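Asks: okay, sequence plus prediction incoming.
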Amino acid sequence: MNKFTRFDIHEIIPKKESVLRNMGVPKGKNVSNKADGLISMAMDIFSDESRPVGIHSEILKNEFESTFEGQGKNAKDTPLQHVIPHSNRLALFALTMGKDVCEKIGVLFNDNNFALGSILDAVASLSADKAVSTYERNFSNELLKRQNNQSDNTVLSYSPGYCGWHISGQKKLFQYLHPEKIGISLNDNYLMNPLKSVTGLLVSGKDKIHIFKANYPFCRSCKDASCQGRMKRIINLRKGNERKSD
């Protein structure tokens, strides 16, 4: 059964420091009053124009196998192939920041307002990322309330286009989840509209199942490497919990 989520903008909007780092400004470096004002303006525009909403639905392991197979273009070996067998709950999800804020970004670029357009683009992208983190947390809490999860389990997301899951996997994901219900469409190149949208799989399981060596062939061409940060956070959290129990 599909479940819908309305995200609190104040919960997902990034801090100014995150926007600056996303745009390549080193941490701790002072910025001009003009740049600071542009960031504030972009965040105000995002708050006014965005309509962050999501949809998710649990899926059984055997059902996901056919969804993951997609168009048969996945890498021969992927992290998900090793993660899924040890997971306990799965859910497909889709979320979007809405068409209005994406259209506003386009208008700013068309009007040659590249500075504000670029900053608004960064704010929307970072907000979408934070919305994914919120989904991970909400799904974990949902499972805990239903007593289908254990407190030491971790929920992480995996998306088509990353970690060997070919982008064409979007097609079967859409067929199962129907993100068009929240205004997301898919073109023939498997790209979503609105652009600031994210789809993927929420995987619940022991934290160790999400830790793997990034030595797959596709890792060499990966420009994101977000898995490294995620695994580092899990390892640091485990170390912190172990110290508390000592």
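Replies: Looks like it came in fine.

Asks: okay, strands next: where are they in this structure?
Replies: Taking DSSP state E, the strands of the chain run over residues 3-6, 53-58, 89-96, 153-158, 185-186, 192-193, 197-206.

Asks: now tabulate these in TSV and tack on distance to residue 114, mean neighbour count and mean pLDDT.
Replies: For every residue, glycine as well, the C-beta is placed using N, CA and C. Putting those into TSV (distance: least, Cβ to Cβ, whole Å; neighbours: other Cβ atoms under 10 Å; pLDDT from 0 to 100) gives the following:
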stretch	distance to residue 114	mean neighbour count	mean pLDDT
strand 3-6	32	13	96
strand 53-58	29	20	98
strand 89-96	24	24	97
strand 153-158	31	22	93
strand 185-186	27	16	98
strand 192-193	22	16	98
strand 197-206	23	23	96
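
Asks: helices of the chain, start to end?
Replies: Along the chain, the stretches classed as helices by DSSP state H are 9-12, 16-22, 33-49, 61-69, 79-83, 99-110, 114-145, 170-177, 226-245.

Asks: and these as JSON lines, adding mean pLDDT, mean neighbour count and distance to residue 188?
Replies: Shown next, in JSON lines, are those (pLDDT from 0 to 100; neighbours: other Cβ atoms under 10 Å; distance: least, Cβ to Cβ, whole Å):
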{"stretch": "helix 9-12", "mean pLDDT": "96", "mean neighbour count": "14", "distance to residue 188": "30"}
{"stretch": "helix 16-22", "mean pLDDT": "93", "mean neighbour count": "17", "distance to residue 188": "30"}
{"stretch": "helix 33-49", "mean pLDDT": "96", "mean neighbour count": "16", "distance to residue 188": "28"}
{"stretch": "helix 61-69", "mean pLDDT": "94", "mean neighbour count": "15", "distance to residue 188": "19"}
{"stretch": "helix 79-83", "mean pLDDT": "95", "mean neighbour count": "17", "distance to residue 188": "25"}
{"stretch": "helix 99-110", "mean pLDDT": "98", "mean neighbour count": "17", "distance to residue 188": "19"}
{"stretch": "helix 114-145", "mean pLDDT": "95", "mean neighbour count": "19", "distance to residue 188": "23"}
{"stretch": "helix 170-177", "mean pLDDT": "96", "mean neighbour count": "19", "distance to residue 188": "10"}
{"stretch": "helix 226-245", "mean pLDDT": "73", "mean neighbour count": "12", "distance to residue 188": "27"}
